[in-house]
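Asker: Sequence first, then the predicted structure:
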Amino acid sequence: MLFTERMGTQPRRVAHAVSGLLVALMTSACTASEPEVDPSSVDLESWSQSMLGTERGMSFAGGHQGDTASGGSFYDVEPGWYELTMACAGGDAMALELLADGTIISNGTTSCDSPAVTAHLELRAAADELTLRVTNSGAEMVWTAGLVPGGKPAEAP
């Protein structure tokens, strides 16, 4: 699993709330469609960068095979608006759960071998750990997720 840049620290554990998150994974495509990727031979770091770009923030990527979940976590996440960009390759689709300090706060699905999708989320209170858990139908796949501060959608209150 790859980990890149961490954001500022927040020493307090507090309640968290997220609005307008992954329910249907608002699909504002942020990359051009790529040809199908072979999960067994892809350079995970290069593929992740090509899907997410080089925005500031945090990202991670991983491989997945079988019916068990895989995932990763962002730590010391401060309140505010974020763009969560996700992509997968190899499987038909991936199911996602987003957890803040162990509590599921949202979930959704996205198709694999298509452009990355971006969901806008508002974290209303700090989270010591924001975890993304990924599952699929058991096919071998690779996936990536990036969290970038900012990105409040125009239609948000």
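Answerer: Here it is on my side, so go on. Numbers count the residues shown, from 1 in each chain.

Asker: contacts and neighbour counts: CA atoms only from here.
Answerer: Will do.

Asker: so where's the protein uncertain?
Answerer: In the predicted model, the chain carries pLDDT under 70 at residues 1-35.

Asker: And the helices in it, which stretches?
Answerer: Remark: helices assigned in the chain by DSSP state H are 44-52.

Asker: Look up phi and psi at residue 92.
Answerer: phi -70, psi -40 (degrees, to the nearest 10).

Asker: now it, nearest residue through space, not along the chain?
Answerer: residue 112 (5.5 Å; Cα to Cα, 6 or more residues apart in numbering).

Asker: Burial check on that neighbour, number of neighbours?
Answerer: 21 (other Cα atoms under 10 Å).

Asker: With residue 106 instead?
Answerer: 18.

Asker: nearest residue to it other than its sequence neighbours?
Answerer: Once flanking residues are discounted, residue 106 sits nearest to residue 98: 5.3 Å by Cα to Cα, 6+ apart.

Asker: how about the one you found, what does it touch?
Answerer: Neighbour list for residue 98: 104, 105, 106, 107, 130, 131, 132, 133 [criterion: Cα atoms under 8 Å, 6 or more residues apart in numbering].

Asker: does it have beta-bridge partners, and which?
Answerer: residue 106, residue 132 (DSSP bridges).

Asker: Could you check how far it is from residue 38?
Answerer: Distance, residue 98 to residue 38, using Cα to Cα, to the nearest Å: 26 Å.

Asker: Can you measure across stretch 104-118, start residue to end residue?
Answerer: Span of stretch 104-118 from end to end, Cα to Cα: 19 Å.

Asker: doesn't residue 99 make contact with residue 106?
Answerer: Yes: using Cα atoms under 8 Å, residue 106 is in contact with residue 99, at 7.2 Å.

Asker: backbone phi and psi for the residue nearest to residue 92, please?
Answerer: Dihedral angles for residue 112 - degrees, to the nearest 10 - are phi -90, psi 170.
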